[in-house]
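Enquirer: Predicted model follows, preceded by the sequence.
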Amino acid sequence: MKLAEKLFNIFVCILSISFVFISCDSPVKLDSVDDLFSRIDVNEESLVEYAIGFDILRVDNNYKLIIYNPDDRSQVLACYYFLVDGVISNNKSVFVQPIDSVAVFSATQLNAYSKLDVLDKVVAISESDFITNEEVLELFEKGKIVNLANNGNFFLEKALEVDPSIVFYSPYNLAQKHPLAETNLTMIPFFDFKETDPLGRAEWIKFTGLFFNKQRQADSIFNIIKTEYNKYKSLTSDITDIPTVFSDKYYSGQWFVPGGKSYIARLFEDAGAEYIWKENTNTASFNIDFETVYHHANDADFWRIIGYYANDGFSYDKLAMENELYQNFDAFNNKNVVFCDSKSTSYFERGALEPHVILADLIFAFHPDLLPEYSPIYYKLYK
C-alpha cells in the first residue's frame, strides 16, 4: 500500500473516532422522544424484574417509564421520559432529574423517600392523621410539609398554593376522576398496592428513584430485598409438613378474605403454608359469609389477623369478645393466631419495602425450627 493511501486511511479512522466523541457530547434534536427507544424490546430489555404495573427502558443515560393499567397490562396509561441534558425535546412528558418537589398521597410510598434520602423533596401529603413516619411527622410539624386532604376531602386552593412539580396518588378506581385533576397539576398514578408478588411491590422503589436520579440507589436497595427474600423462601422449599392458614375477621356482617392469587396468599405459600382459599383466582379480597368461612377454616392450623387493639394490644379474650363464635376455630383454641399490630409496627408504611421481613415473620410462626434465633417484627404468634 502506498504511503499516501496509508496516511489517508489513518486520517479517516481518526476522523471517525472524533465524530463519535463529538456526537456523544453534542445536543441531539429529536422529532419524537420515542425515537430514542424505538429499537428497544420492552419484553427483553426492561429493567423491571417482578412488578407488572410498570416498565423502565434505558438507552445510554436516558430512561422511559411505562405505566400500565394494573388490571389490564395491555393498556398503557402513561409514558414518561427522563433525558440527559444533551437531548432536546418539547414533549410535556419529559422530566429533568431530579424533580424538585412532590406531593405524596399514599403512606406506603413514604418509606421509599426515606430510604432514598429524598424526603426533603416532599412538600405535601394527605391524611396526615394516619402518618406514623417520624421523619415525615417532624417535617409536617415544622411546616415544611403540608396536608392536602382529610377524610377524602382534598384542598384545591392549598394544592395550587403549594404547586408541587408532581402529585403521586394511588387510584383505587381508574374510572373515577381525582379531585385534583382540575388543578392541572401533573398527576402520576402509583399502583404498588396492586402487585401480588411481594418482590413486585417492593420493586416500585425503582419507579420512585427514577424521578430523583436515584436509580443506582433504588437498584441497590431492591437487590438486597430480593436476595434476603429468596434466602428465606428457600428455607421452605423442601418441607413436607405444611400447615393450613386462613385470614382476617368477620366485620359488620361480612368476612373479606384475601383472594387465592393475592399478595398475602403468595406470602403464605412462600412461607410454607397452605392457604385455605388457594384455589380462588381473585387477586383482591372477596366477601363471604361466616358460615362458609367456618366450614372451610374451623380446623385450619393458623389464623392470620392484621389490625389494632388499644390498651395493651391483642389478646384472645379481646378477640372472643368481638364474636364468641371465634372460639369454635381450632386456631383460636390452640393459640395459633398470627397477629400484626398495624399501628405500632407502621406496617402499611414500611411493609411494602420489607417483604423479606414479613416472610421471615411468617416462616417463624409456621415453622419456628427453620429460624430458631429469629425475633419477629410485624407478625407474631400469640400463645
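Expert: Received, thanks. Numbers count the residues shown, from 1 in each chain.
Enquirer: Surely Phe191 is in contact with Asp71?
Expert: No: Phe191 lies out of contact with Asp71 (CB atoms under 8 Å); the separation is 9.5 Å. In short, each C-beta sits where N, CA and C put it, glycine included.
Enquirer: Flag every buried residue along stretch 100-112.
Expert: By 16 or more other CB atoms under 10 Å, the buried positions in stretch 100-112 come out as 102-112.
Enquirer: What average pLDDT does that stretch get?
Expert: Averaging pLDDT along stretch 100-112 gives 92.
Enquirer: how long is that stretch from one end to the other?
Expert: When the termini of stretch 100-112 are compared using CA to CA, to the nearest Å, they are 16 Å apart.
Enquirer: From the chain's centroid, how far away is it?
Expert: 12 Å (CA atoms, centre = their mean, to the nearest Å).
Enquirer: In the buried residues of stretch 100-112, find the pair that's most separated.
Expert: Greatest spatial distance in the buried residues of stretch 100-112: Ala103 and Asn111, 16.6 Å, computed using CB to CB.
Enquirer: The longest strand belonging to the chain - contacts with which helices or strands?
Expert: Secondary structure of the chain read by DSSP state E shows that its longest strand is strand 72-82. Counting contacts by 3 or more CB pairs under 8 Å, 6 or more residues apart in numbering; DSSP states H and E, strand 72-82 packs against strand 62-69, strand 94-95, strand 187-189.
Enquirer: how about TSV for those strands, with distance to Tyr250, mean pLDDT and mean neighbour count added?
Expert: Listed next are the helices and strands packed on strand 72-82 as TSV, based on distance: least, CB to CB, whole Å; pLDDT from 0 to 100; neighbours: other CB atoms under 10 Å:
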stretch	distance to Tyr250	mean pLDDT	mean neighbour count
strand 62-69	33	94	19
strand 94-95	47	82	18
strand 187-189	33	94	19
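Enquirer: Looking at Phe191 and Asp71, which is more packed in?
Expert: Phe191 (24 against 12; other CB atoms under 10 Å).
Enquirer: For that one, give me the pLDDT.
Expert: At Phe191, pLDDT is 96.
Enquirer: mind checking how far it is from Leu47?
Expert: Counting by CB to CB, to the nearest Å, the gap from Phe191 to Leu47 is 17 Å.
Enquirer: The closest residue to Gln254 other than its chain neighbours in helix, strand or coil?
Expert: Spatial nearest neighbour of Gln254, excluding adjacent residues (CB to CB, 6 or more residues apart in numbering): Asn287 at 5.0 Å. Taking DSSP: H, G, I helix; E, B strand; the rest coil as the rule, one finds Asn287 in the strand state.
Enquirer: hang on, isn't Asn133 packed against Ser346?
Expert: Yes: judged on CB under 8 Å, Asn133 makes contact with Ser346 at a distance of 7.0 Å.
Enquirer: just the helices in this structure please.
Expert: With DSSP state H as the criterion, the chain has helices at 3-25, 42-45, 107-115, 134-141, 156-162, 198-202, 204-210, 215-235, 263-270, 290-297, 316-322, 330-333, 347-350, 355-366.
Enquirer: mind saving the C-alpha coords of the last one as PDB?
Expert: Spelled out, it's helix 355-366. Output in PDB follows, covering the C-alpha atoms of helix 355-366 (Å, rounded to 0.1, in the frame of the first residue of the first chain):
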ATOM      1  CA  PRO A 355     -41.400  -8.300  52.300                       C
ATOM      2  CA  HIS A 356     -38.300 -10.300  53.300                       C
ATOM      3  CA  VAL A 357     -39.000  -9.300  57.000                       C
ATOM      4  CA  ILE A 358     -42.700 -10.200  56.700                       C
ATOM      5  CA  LEU A 359     -41.800 -13.500  55.100                       C
ATOM      6  CA  ALA A 360     -39.400 -14.300  57.800                       C
ATOM      7  CA  ASP A 361     -42.000 -13.500  60.400                       C
ATOM      8  CA  LEU A 362     -44.500 -15.900  58.900                       C
ATOM      9  CA  ILE A 363     -41.900 -18.700  58.500                       C
ATOM     10  CA  PHE A 364     -41.000 -18.300  62.200                       C
ATOM     11  CA  ALA A 365     -44.700 -18.600  63.100                       C
ATOM     12  CA  PHE A 366     -45.400 -21.600  60.800                       C
END
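Enquirer: Low-confidence stretches in the stretch 51-200 of the chain?
Expert: 85-92, 175 (pLDDT under 70).
Enquirer: How about the contacts made by the residue lying closest to Met187 once chain neighbours are set aside?
Expert: Closest residue to Met187 apart from its sequence neighbours, by CB to CB, 6+ apart: Val167 at 5.0 Å. Counting by CB atoms under 8 Å, 6 or more residues apart in numbering, Val167 touches 102-103, 105, 124, 159, 180, 185-188.
Enquirer: What count of nearby residues applies to Leu139?
Expert: Neighbours around Leu139, by other CB under 10 Å: 18.
Enquirer: Count the residues that sit near the closest residue to it other than its chain neighbours.
Expert: Distances taken as CB to CB, 6+ apart place Ile145 nearest to Leu139, at 4.5 Å, with adjacent residues excluded. For Ile145, the count of nearby residues is 24 (other CB under 10 Å).
Enquirer: wait, Ile145 sits on Ser126?
Expert: No: with contact defined as CB under 8 Å, Ile145 does not count as touching Ser126 (10.9 Å).
Enquirer: hmm, back to that, out of the helices of the chain, which gets nearest to Gly253?
Expert: Using CB to CB, the helices of the chain put helix 290-297 closest to Gly253, at 8.5 Å.
Enquirer: So which elements touch the closest one?
Expert: Using 3+ CB pairs under 8 Å, 6+ apart, helix 290-297 sits against strand 244-247, strand 254-257.
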